[in-house]
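# After the sequence you'll find the predicted model.
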Amino acid sequence: MDIERLSTGISSLDKMLAGGIPRGFCIAITGEPGTGKTILCIHFIAQGIKEGDKCIYVTTEESRESIINQAKQFKFDFDKSIKEDKLIIIDALMGLEDKWSLKSLTVEDLVEKIIEAKKALGYGRARVVIDSLSAFWLDKPSMARRYSYYVKKVLAKWDFTIFVTSQYAITTSESFGWGIEHIADGIIRFRRIVKGGVLKRYILIEKMRQTPHSLKMHEINIEDGKGLVILGPAGEEEKEEFLLSKGIKK
Ligand SMILES: Nc1ncnc2c1ncn2[C@@H]1O[C@H](COP(=O)(O)OP(=O)(O)OP(=O)(O)O)[C@@H](O)[C@H]1O
Ligand SMILES: [Mg+2]
């Protein structure tokens with residue numbers, strides 16, 4: 001039987017994924033600052049809203065307002081979706097007093113709040129973004145694996161397909177905290193280089209269980225009014241550059 005796959009909201013990325021993200025998967029979105037992690041998550045949620053999925057976005061790096069404003073630049077009206085009970089944005093940054101804020105950055109509170117939000121949105125296929133999950137082990141990186149496992153295990157029972165973002169240590173290009181990559185069913189990795197004085201960004205599917213996915217690193221662009229666009233496979237020269245800069249091992 002064919003696996004049900006969820007569209008990421010970016011059709012060329014869906015093609016690279018042999019149709020999309022398998023339902024119920026937990027995907028790690030990793031990469032250096034400003035490479036497109038949050039913007040990919042916004043597309044994933046916007047697509048969920050379009051398809052009638054219950055959508056939840058947990059933000060720890062930016063305020064709820066900031067996510068709404070970023071989405072607006074790509075013509076997604078998250079305010080409207082919130083009003084229509086299609087989307088809940090859980091703010092874990094601002095320490096707000098409202099119902100959909102996290103008072104503490106603990107995984108127990110996080111999971112409890114996400115389940116509460118799912119109950120409020122109702123039955124059915126759901127999408128959740130945790131941007132970032134690494135914020136929950138900032139002072140204890142050795143807990144990364146256990147926390148990721150806990151989040152995945154509990155949320156799996158609630159019909160969620162999960163995107164979690166995770167930062168990379170800029171100095172070493174190593175994932176911050178270890179373990180999440182092994183727990184995740186898939187890894188979508190963003191990269192950046194400066195070439196000819198210009199910032200270039202790339203996307204690579206490093207892992208996707210049960211999926212004959214593309215193995216090619218693709219250059220991306222982030223366009224005002226549109227969002228993340230896949231430009232095409234990166235050239236040989238650029239790929240070499242990554243190997244040399246020890247970002248991608250082996
Ligand atoms: N309206 C826009 N038009 C063009 N580019 C934009 C626009 N909005 C954001 N960007 C680009 O997207 C980048 C931010 O991407 P994003 O927020 O997805 O990064 P990130 O990988 O989540 O980073 P971090 O780890 O810091 O959260 C900006 O630095 C900018 O280059
Ligand atoms: Mg971000």
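Done, it's in. Residues are numbered from 1 along each chain as shown. Ligands and ions are numbered 1, 2, ... in the order given.
# Please count neighbours and contacts with C-alpha atoms only from this point.
Noted.
# Do you know the pLDDT at the spatially most distant residue from the centre of the chain?
The outermost residue of the chain, judged against the average C-alpha position, is G196 (29.2 Å), by Cα atoms, centre = their mean. Residue-level confidence at G196 comes out at 93, pLDDT.
# Compute the distance between it and L228, please.
Distance of G196 to L228, computed by Cα to Cα, to the nearest Å: 22 Å.
# do F136 as well
For F136 relative to L228 (Cα to Cα), the value is 27 Å.
# try K157
K157 sits 31 Å away from L228, going by Cα to Cα.
# Then R145?
R145 is 29 Å from L228, where distance means Cα to Cα.
# of these two, who's got more company?
More crowded of R145 and L228, by other Cα atoms under 10 Å: L228, with 21 against 18.
# Bridged to the more buried one, which residues?
Listed by DSSP bridges, the beta-bridge partners for L228 are I222.
# thought it was touching C41?
No. Judged on Cα atoms under 8 Å, L228 makes no contact with C41 at a distance of 10.3 Å.
# need the contact list for G225.
73-75 (Cα atoms under 8 Å, 6 or more residues apart in numbering).
# any idea which helix or strand carries it?
Using DSSP states H and E, no element contains G225; it sits outside every helix and strand.
# for I88, same thing?
Assigned by DSSP H and E, I88 falls within strand 87-91.
# State the next helix or strand along the chain beyond that strand.
Assigned by DSSP H and E, the successor of strand 87-91 is helix 107-121.
# With only the CA atoms kept, save that following helix in CSV.
This file holds the C-alpha atoms of helix 107-121, laid out as CSV (Å, rounded to 0.1, in the frame of the first residue of the first chain):
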residue,chain,number,x,y,z
VAL,A,107,9.6,19.5,27.3
GLU,A,108,6.8,18.4,29.7
ASP,A,109,5.1,21.8,29.5
LEU,A,110,5.7,21.9,25.8
VAL,A,111,4.0,18.6,25.1
GLU,A,112,1.1,19.3,27.5
LYS,A,113,0.4,22.6,25.7
ILE,A,114,0.6,21.1,22.3
ILE,A,115,-1.9,18.4,23.3
GLU,A,116,-4.2,21.0,24.8
ALA,A,117,-4.0,23.0,21.5
LYS,A,118,-4.8,19.8,19.5
LYS,A,119,-7.9,19.2,21.7
ALA,A,120,-9.0,22.8,21.1
LEU,A,121,-8.6,22.4,17.3
